[in-house]
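Novice: kindly return the folded structure for what I paste below:
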Amino acid sequence: WLAGAGVRRVVLPSRSAVATQAAGALAALAGSGTEVTLVRCDVADREEAGALLGWIGADGPPLTTVVHAANAVDLTMLDDTGLGDLQKALGAKAAGAVSLDELTADSDVDKFVLFSSIAATWGSAEHAAYAAGNAFVDALAVNRRQRGLPATSVAWGVWDTQGWSTSGAELPDGPGIVTPARLARQGMAFLTPEPALTALGQAVADDEAFLAVADVDWSRFVPVFSAKRDCPLLDELADKRAAAAADADSDEIEDTGQAAELVRRLTGLPQADQERMLADLVCTHAAAVLGHASARDVPAHLVFRDMGFDSLTAVELRNRLSAATGHKLPSTAVFDYPTPAVMAEYLRGELCGASGGGYLPALEELERLASTLASNARDDDEARTRIAGRLQALLDRFQAPAEDGRALRDLEAMSAAEMFDLVEDELNADFD
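Specialist: Numbering: from 1, shown residues only. This next block holds a predicted model:
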């Protein structure tokens, strides 16, 4: 990228020896007319970094551009991250950036580029310490600009460091292994050099403070990423809103005959047998998602997360169970009902009706009402305020304690139609 921009000299400090593949690329780069010098130096060490900058200033053209591209990925979940993990990540990313910032603050450097990661932008599983280090880098870019100094932080997506995008060989799979197929299931793809470096050049030319560069299919990424929690950061993206709306509106499940047959088999069985059958169903699909040979490998009372389920596999299981039961499960189902046994109990209530479960049709009516309100009053602040007031009044009415519990009994005794009529009456009263 720098050579293509006409830079005459590039100095590459490295903490370790250069790999054979990289050495070949450097030799080719030198042949293009750009002088490339490789120096053994850890820029996180202020003394080493200072000596390097002194040598550059005394032996060649003045330093005009700094690119801090240190990388230290160590896959560790947040609750398993120790001080050593943080020290390693912050040492590589943050300490080096601070050294370069302080040592060049009074120089004529006009471009100061920091390589960050989307792990610090919207988060990524098992990247706790790495995300922290990159978040510091992003903050440093903002801090430099507040001091009147140049800075651009670029949060990269996933680079294909193994060459798997173009490899015809059979690729490995498993925890922590990022392959094109696994990325595609998450709604992402590997970054390729040409478009990524074009984006980098544009960001620097436009003097951007921060830019995230990633290849994302939002229609796939949003359901997976939002399986456990919403992400307000992505709410303003039009593609994200469209994907979320499509997921919320897709209440129709393809009728494959499985659901009708399942309900037929459940009908007339005792509650315990219904839950046992549904637990077997959940275990069967969970085993398939995790790649196990049999449902026997999935204990009914083991927490899904402890089995190895993450946001991606949780959505896959949700989709399988929705198709098998004909009932659209929420994207958070695996986390709301954390074991196959608990999930089976929930499914039995949805498919067969819980004991005294006359409230289930009413909940469906309320879901339809929520969808109607969301679409009809989305851009009308006054209507939203008035509707919210009426709904709050209705909620207060049923949450208020009664001496003889009559309000609660009245609610439980209502049919779905009666409850929906009550909601309509409460809402219409404010507009009559």
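
Novice: where in the stretch 301-432 of the chain is pLDDT low?
Specialist: 353-368, 371, 374-379, 397-432 (pLDDT under 70).

Novice: and G123, its phi and psi?
Specialist: Here is the backbone geometry of G123 (degrees, to the nearest 10): phi 100, psi 150.

Novice: do I have it right that it meets Y130?
Specialist: No - the criterion here is C-beta atoms under 8 Å, and G123 misses it with Y130 at 10.9 Å. Backbone N, C-alpha and C define where each C-beta goes, glycine included.

Novice: which of these two has more neighbours?
Specialist: For G123 and Y130, the more surrounded residue by other C-beta atoms under 10 Å is Y130, and the numbers stand at 27 against 14.

Novice: so for stretch 231-241, mean pLDDT?
Specialist: Here stretch 231-241 scores 68 as its mean pLDDT.

Novice: run a quick neighbour tally on L38.
Specialist: Other residues close to L38 by other C-beta under 10 Å number 15.

Novice: not counting its neighbours along the chain, what's nearest it?
Specialist: L12 (5.0 Å; C-beta to C-beta, 6 or more residues apart in numbering).

Novice: do A333 as well
Specialist: That would be R318: by C-beta to C-beta, 6+ apart, it lies 5.0 Å from A333.

Novice: quick one: residues contacting that neighbour.
Specialist: A227, L329, P330, S331, A333, V334 (C-beta atoms under 8 Å, 6 or more residues apart in numbering).

Novice: just send those back as JSON lines, with neighbour count, secondary structure and distance to T198 too.
Specialist: What follows is the contacts of R318, written out as JSON lines (neighbours: other C-beta atoms under 10 Å; DSSP: H, G, I helix; E, B strand; the rest coil; distance: C-beta to C-beta, whole Å):
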{"residue": "A227", "neighbour count": "21", "secondary structure": "coil", "distance to T198": "33"}
{"residue": "L329", "neighbour count": "21", "secondary structure": "coil", "distance to T198": "41"}
{"residue": "P330", "neighbour count": "13", "secondary structure": "coil", "distance to T198": "40"}
{"residue": "S331", "neighbour count": "23", "secondary structure": "coil", "distance to T198": "35"}
{"residue": "A333", "neighbour count": "21", "secondary structure": "helix", "distance to T198": "41"}
{"residue": "V334", "neighbour count": "30", "secondary structure": "helix", "distance to T198": "39"}
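
Novice: ends of stretch 326-340, how far apart?
Specialist: 18 Å (C-alpha to C-alpha, to the nearest Å).

Novice: let me fix that, I meant to ask about stretch 65-85.
Specialist: 30 Å.

Novice: any buried residues in that stretch, and which?
Specialist: V66, V67, H68, A70, A72, D74, L75, T76, T81, D85 (16 or more other C-beta atoms under 10 Å).

Novice: ok, now stretch 141-152?
Specialist: Neighbour-count burial for stretch 141-152 [16+ other C-beta under 10 Å]: A141, R144, R145, L149, P150, A151, T152.

Novice: okay but the fifth one is in contact with K111, surely?
Specialist: What it means is P150. Yes - using C-beta under 8 Å, P150 is in contact with K111, at 5.8 Å.

Novice: find the residues that touch each one of these two.
Specialist: The contact lists of P150 and K111 share no entry, where a contact means C-beta under 8 Å, 6+ apart.

Novice: quick one on the thing from earlier: for the buried residues of stretch 141-152, name the two members farthest from one another.
Specialist: L149 and T152 (11.2 Å; C-beta to C-beta).

Novice: now do the shared contacts for those two.
Specialist: Joint contacts of L149 and T152 (C-beta under 8 Å, 6+ apart) are F112.

Novice: burial count for the residue nearest to L38?
Specialist: Neighbours of L12 (other C-beta under 10 Å): 15.

Novice: what do you get for V224?
Specialist: Residues near V224, counting by other C-beta under 10 Å: 20.

Novice: separation between it and T34?
Specialist: According to C-beta to C-beta, to the nearest Å, V224 stands 42 Å off from T34.

Novice: before we move on, what about A388?
Specialist: 62 Å.

Novice: higher neighbour count, those two?
Specialist: Higher neighbour count among A388 and T34: T34, with 16 against 12, using other C-beta under 10 Å.

Novice: correct me if wrong: the more buried one contacts R8.
Specialist: Yes - between T34 and R8 there is a contact under C-beta under 8 Å: 6.6 Å.

Novice: now, the most widely separated pair of the contacts of R318?
Specialist: Farthest apart among those - using C-beta to C-beta - are A227 and L329, which lie 11.1 Å from each other.

Novice: show me where this structure has strands.
Specialist: Secondary structure of the chain (DSSP state E): strands located at 9-14, 35-40, 65-68, 111-117, 152-156, 188-189, 210-213, 215-216.

Novice: can you put those strands in CSV and add distance to P270 and mean pLDDT?
Specialist: Putting the strands of the chain into CSV (distance: least, C-beta to C-beta, whole Å; pLDDT from 0 to 100) gives the following:
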stretch, distance to P270, mean pLDDT
strand 9-14, 69, 86
strand 35-40, 74, 84
strand 65-68, 66, 94
strand 111-117, 53, 95
strand 152-156, 55, 96
strand 188-189, 46, 88
strand 210-213, 54, 94
strand 215-216, 48, 90
